[in-house]
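*Asks:* Here is a sequence together with a model predicted from it:
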Amino acid sequence: MMCEVMPTISEGDPLGPQPGSDSDANFEQLMVNMLDERDKLLETLRETRETLSVTQGRLQETFHERDQLQRQLNSALPQVRRLKDNIFSECCICKKLKYLFWLSGLCRCSVLFTLLSSPQHLF
């Protein structure tokens, strides 16, 4: 018995893709897209480096300003402490004077009360 063989059905061109086909166009578009993406990434990297440089400059300025303010504060602290001590001392003096005036007022009231309570002392 004899079998007949059917011809093979080809799924593509037996010689491979022809130049200028869709495959080449897709590959070329992929390469163009990759180059565009690379350019965008390089631009972003450049901008980020520039921003970093500016930020580092500002940070250095801030450190310098902080150091200046710290020196000013350190030079002013002894004077502030002296003024605080002077104010505290003056407050103590004021409190003592108030107390003395209060006592003198009590003494005057006491003398006045004594005089008023004993009319014989008036004349």
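*Replies:* Thanks, I have it.
*Asks:* So residue 94 versus residue 53, what's the distance?
*Replies:* Between residue 94 and residue 53 the computed distance is 59 Å (CB to CB, to the nearest Å). (Glycine included, C-beta is placed from N, CA and C.)
*Asks:* Over to residue 39?
*Replies:* Counting by CB to CB - residue 39 and residue 53 are separated by 21 Å.
*Asks:* Kindly report the same for residue 89.
*Replies:* Residue 89 sits at a distance of 55 Å from residue 53 (criterion: CB to CB).
*Asks:* Residue 88 now?
*Replies:* In terms of CB to CB, residue 88 sits 51 Å off from residue 53.
*Asks:* any low-confidence regions in this protein?
*Replies:* For the chain, the stretches with pLDDT under 70 are 1-21, 97, 99-103, 105-123.
*Asks:* Swap in 50 and give it another go.
*Replies:* Residue ranges of the chain with pLDDT under 50: 1, 122.
*Asks:* Show me the helices in the chain, by range?
*Replies:* Using DSSP state H, the helices found in the chain span residues 22-117.
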